[in-house]
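A.B. asks: after the sequence you'll find the predicted model.
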Amino acid sequence: MGVPSVFKPRSGARKPPATMGHMPTQDQIREALRAVIDPELRRDIVELGMVRSIDAHANGVVDVTVSLTTPGCPIRSHFQTGVANAVRALDGVTGVNVSFDVLSDQEKGALQQKLGRGGGLPTGALAQVAEVICVGSGKGGVGKSSVTANLAAALAAEGKRVGVLDADVWGYSQPRMFGLGAQRPKVSAERKIVPPEAHDGIKVMSIGFFMEEDAAVVWRGPMLHKALTQFLEDVDWGELNYLLVDLPPGTGDVSMTLAQLLPQARFLIVTTPQPVAQKVARRSAEMAHKVRLEIAGIVENMSGFVTPAGDRFAIFGEGGGQLLADELDVPLLGTVPLTMALREQADAGTPLVFADPDDPAAQAIRQTARGVIALTPVELPMMAAAPAAPPEVKPVGMSLPMA
Ligand SMILES: Nc1ncnc2c1ncn2[C@@H]1O[C@H](COP(=O)(O)OP(=O)(O)O)[C@@H](O)[C@H]1O
Ligand SMILES: [Mg+2]
């Protein structure tokens, strides 16, 4: 007879918490850890089941073990800092120890299932694109397009398969920068637009390919949305490690549309070294936050001019890139000096990284590319192991130009 024990008031209810002082409970710590987001999977580590254990000690020290998807996870330090900061912010915590282990195959399977492929990159034309990186800045003329073209070249030089989407529909410049100005894209048998290829097989798509030279376009909202959607869905991008998107200046419609279409894209902000430019660049960072795109890092362009004799002049000031990177807590991935050759090559149609790999600007961009690669782990084996829907394999036949 009587009430089952679980319904009885707990005798210890009035006892103080087991830990001394005002230590947060396990649940509070777990709640705080929701602030730590896995940059690959775009969810918090609690939801992802990556918090293996939480031990709060009476002296205020908290031990947290995080389970990673791969042992050599390059974003380990991101978790290290994220977890430490989140837990240390709680009242009563005096120290945080973060340790790591690796999810078992079974756990990875469960995670894989939980994630599915939904909410990710659109399937279809982008199904085989591993990473989309939008290159943006608050204003024009800071070298976004030059950085995009040369970064594409540098990634290709590192052996990556690369595409460039010129999303600057008003001031398109990628056709010229890749020497593809006269190209007209063909349409494949599958009725996909085939992007013209530049050096090293870099696939380029731009509204410029469809326009009379220097024709001005007035874009109305829906048309713009449609054009960008087509660039992402109707272009035969094929298998790419990186699709770089050259954004128009500012934080307008194009960026918003792309953010909607590409929820997993990352943002690379180009800025010049002076504090004013940094302020402008910050606005695009705010936009990226608003549309929930992750900021991958900063590239400072036009940082100084080095004379052939080796004297360096800080023409546009100094330090803006680092300041912005610190402020946004993202890496400064490169500082690219002003060089004559960079501009000349852009005008001549061969990215400097190909034309003169020893030029200081080319070197800086190659360094940036290696930073980008380090940030974007080669592959999550768990993701590669069990694709939910294997990419359609279509016979690659001769395509009939319909244009
Ligand atoms: N590091 C650099 N050294 C020399 N010229 C540069 C450099 N970066 C950009 N430029 C030149 O500055 C101009 C603007 O660059 P661009 O890439 O078109 O900027 P955005 O796309 O931001 O408007 C171009 O003429 C380009 O060749
Ligand atoms: Mg541009």
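C.D. replies: Sure, I can see it. Ligands and ions are numbered 1, 2, ... in the order given.

A.B. asks: only C-alpha atoms from now on, for both contacts and neighbour counts.
C.D. replies: OK.

A.B. asks: residue ranges of each domain in this protein, please.
C.D. replies: In the domain annotation for the chain, the residue ranges read 5-112, 129-375 (automatic domain parsing).

A.B. asks: which of the ones you listed is buried the deepest?
C.D. replies: For the domains of the chain, the largest average neighbour count (mean count of other CA atoms under 10 Å) is found in domain 129-375, namely a mean of 20.

A.B. asks: which strand runs longest in the protein?
C.D. replies: The single longest strand within the chain, with elements called by DSSP state E, is strand 294-306.

A.B. asks: just the C-alpha atoms of that strand, please, in PDB.
C.D. replies: Coordinates of the C-alpha atoms in strand 294-306 are reproduced here as PDB (Å, rounded to 0.1, in the frame of the first residue of the first chain):
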ATOM      1  CA  GLU A 294      29.900  32.100 -39.700                       C
ATOM      2  CA  ILE A 295      32.800  34.500 -40.200                       C
ATOM      3  CA  ALA A 296      35.800  32.400 -41.200                       C
ATOM      4  CA  GLY A 297      38.400  35.200 -40.900                       C
ATOM      5  CA  ILE A 298      39.800  38.500 -42.100                       C
ATOM      6  CA  VAL A 299      42.000  39.300 -45.000                       C
ATOM      7  CA  GLU A 300      43.700  42.700 -44.800                       C
ATOM      8  CA  ASN A 301      44.500  43.900 -48.300                       C
ATOM      9  CA  MET A 302      46.600  46.800 -49.400                       C
ATOM     10  CA  SER A 303      48.700  46.500 -46.300                       C
ATOM     11  CA  GLY A 304      51.700  48.400 -47.100                       C
ATOM     12  CA  PHE A 305      53.800  48.800 -50.200                       C
ATOM     13  CA  VAL A 306      57.200  47.300 -50.500                       C
END
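
A.B. asks: follow-up on the earlier one: worst mean pLDDT among the domains of the chain?
C.D. replies: Note on the domains of the chain: lowest mean pLDDT is at domain 5-112, with a mean of 80.

A.B. asks: before we move on, the earlier item: list of residues touching the longest strand of the chain?
C.D. replies: Contact partners of strand 294-306, identified using CA atoms under 8 Å, 6 or more residues apart in numbering, comprise 39, 142-143, 147, 265-273, 285, 288, 312-318, 320-321, 324-325, 330-339, 368, 372, 375.

A.B. asks: the following helix or strand past it vs ligand 1: in contact?
C.D. replies: Following strand 294-306 in sequence order, the next helix or strand is strand 312-313 (DSSP states H and E). No: Strand 312-313 does not reach ligand 1 (CA under 6 Å from any ligand atom); its nearest approach is 12.9 Å.

A.B. asks: can you check stretch 331-344 too?
C.D. replies: Yes: using CA under 6 Å from any ligand atom, stretch 331-344 comes into contact with ligand 1 via 336-340, 342-343.

A.B. asks: turn those residues into JSON lines, including secondary structure.
C.D. replies: Shown next, in JSON lines, are those (DSSP: H, G, I helix; E, B strand; the rest coil):
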{"residue": "Val336", "secondary structure": "strand"}
{"residue": "Pro337", "secondary structure": "strand"}
{"residue": "Leu338", "secondary structure": "strand"}
{"residue": "Thr339", "secondary structure": "coil"}
{"residue": "Met340", "secondary structure": "helix"}
{"residue": "Leu342", "secondary structure": "helix"}
{"residue": "Arg343", "secondary structure": "helix"}
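
A.B. asks: next, the contact list for the most centrally placed residue in the chain, please.
C.D. replies: Per CA atoms, centre = their mean, the C-alpha nearest to the average position across the chain is that of Arg266, at 2.2 Å. By CA under 8 Å, 6+ apart, the contact set of Arg266 is 132-134, 293-296.

A.B. asks: okay if I get the residues you listed as TSV plus distance to Asp91?
C.D. replies: Formatted as TSV, the contacts of Arg266 follow (distance: CA to CA, whole Å):
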residue	distance to Asp91
Val132	39
Ile133	38
Cys134	39
Leu293	31
Glu294	29
Ile295	30
Ala296	31
